[in-house]
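Asker: return atomic coordinates for the entry below.
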Amino acid sequence: MTDTDDAFELGPTRYGKAEVRLVHIAKSGPERTIKDLNVSIALSGDQAETHLTGDNAKVLTTDAQKNTVYGLAKESGVRSPESFGLLLARHFLGACEFITHARVAVEEYGWDRVPGVNSRHSFQRSGGPTRTALVHADIDGTASVVSGIKDLVLLNATGSEFQGFYKERFTTLPETKDRVLATAVEAQWLHDSADGADWEASYDLATDALLRAFADTYSRSLQQTLYAMGREVLARAGALREIRLALPNRHHFTVDLEPFGLSNDNEVFFPADRPYGLIEGTVRRAGAVPDERPWN
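Answerer: Numbering: from 1, shown residues only. Purely as a prediction, here's the structure:
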């Protein structure tokens, strides 16, 4: 059998500029404010011909997309990852008539002010978590915003146990009534609306809820902690519809000190970086209809 063009069809496609690095410094007298972003763009629409025939007449170049990031940063400034992502997505929908959907993912890296006489303009790169935003916008005017955080490293030195788990012939893990619980949180939360939100306040509230739930929950499993964290975020932030979390279990194993004639009452640990358990889960409001589009 000989394959012909009728034997194949083009599926969904998208294209864009990935990881456009942008540092924007806002000036207010002697005061300076930094926004350090990594922006990735993906556009889709009437793009079949460039794949099927090589006709590029409907292609908005990825170089133009990169330049748009810098141009709009100059013209409009950068207030938050969410607002800048929405600005970019809606711009692309209006800039090219052949684009019907825009996806913009933004990561923000933190900077802390250095204390001293130059604290108004001297900064140190923060070693803390990375803020994220994922924006989808359609030509019909609809849009969605998923905010988030990743690399939020947390540890409870006590207040955690792991017992009563299923056992079979390859199970060697001993039960424990007291263990170190450590993780690097990746969380994303979906807003009810893409407009009118106070992105800074929402981010601060969600982050605080994650921290408090992790600290305040007596953990019998990391799964239980995940649900407690997600529930706390939704309970405190009424404008959020759903939250998804990924919690790697950063195992801390007690070191056997008996060969040295020493006891080890959960004081000395070996932190293993791999392999690790990975706990993932979604918490949504009761009755909410699942929708995968905003997350992808």
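Asker: hey, let's count contacts and neighbours off CA atoms from now on
Answerer: OK.
Asker: which residues of the stretch 151-296 of the chain fall in strands?
Answerer: 181-191, 240-249, 252-254, 269-271, 277-284 (DSSP state E, counting those that start in this stretch).
Asker: would you mark the buried spots in the last one?
Answerer: For strand 277-284, the neighbour count (16 or more other Cα atoms under 10 Å) marks 280, 282-284 as buried.
Asker: partners of that strand in the sheet?
Answerer: As defined by DSSP bridges, the strand partners of strand 277-284 come to strand 240-249 (antiparallel).
Asker: V23 pairs with what?
Answerer: Residues in beta-bridge contact with V23 (DSSP bridges): D36.
Asker: relative to L173, how far out is it?
Answerer: 47 Å (Cα to Cα, to the nearest Å).
Asker: quick one, which of those two is more surrounded?
Answerer: V23 (15 against 10; other Cα atoms under 10 Å).
Asker: returning to that earlier point: between the strands of the stretch 151-296 of the chain, which one is closest to G128.
Answerer: strand 181-191 (10.9 Å; Cα to Cα).
Asker: could you break the protein into its assigned domains?
Answerer: Here the domain assignment for the chain is 11-141, 148-296, based on automatic domain parsing.
Asker: now, of those, which is deepest in the fold?
Answerer: Comparing the domains of the chain on average neighbours per residue, with mean count of other Cα atoms under 10 Å, the densest one is domain 11-141 at a mean of 17.
Asker: what segments of the stretch 101-250 of the chain are helices?
Answerer: 199-216, 222-236 (DSSP state H, counting those that start in this stretch).
Asker: list the helices and strands the longest one packs on?
Answerer: Contacts defined by 3 or more Cα pairs under 8 Å, 6 or more residues apart in numbering; DSSP states H and E place helix 199-216 against strand 143-156, helix 222-236.
Asker: how near is D6 to T13?
Answerer: Applying Cα to Cα to D6 and T13 gives a distance of 19 Å.
Asker: thinking D46 is in contact with L60, fair?
Answerer: No - counting by Cα atoms under 8 Å, D46 sits too far from L60 to count as a contact (11.2 Å).
Asker: which ones are touching N156?
Answerer: Listed by Cα atoms under 8 Å, 6 or more residues apart in numbering, the contact set of N156 reads 180-182, 215.
Asker: need the residues you listed in JSON lines with distance to R90 and pLDDT, can you?
Answerer: Formatted as JSON lines, those follow (distance: Cα to Cα, whole Å; pLDDT from 0 to 100):
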{"residue": "V180", "distance to R90": "46", "pLDDT": "97"}
{"residue": "L181", "distance to R90": "42", "pLDDT": "97"}
{"residue": "A182", "distance to R90": "40", "pLDDT": "97"}
{"residue": "A215", "distance to R90": "39", "pLDDT": "97"}
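Asker: now those residues in TSV, with distance to R32?
Answerer: As requested, the contacts of N156 are exported to TSV (distance: Cα to Cα, whole Å):
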residue	distance to R32
V180	41
L181	39
A182	36
A215	34
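Asker: closest one of those to Y166?
Answerer: L181 (19.9 Å).
Asker: quick one, what contacts that closest one?
Answerer: With Cα under 8 Å, 6+ apart, L181 has these contacts: 155-158, 160, 222, 249-252.
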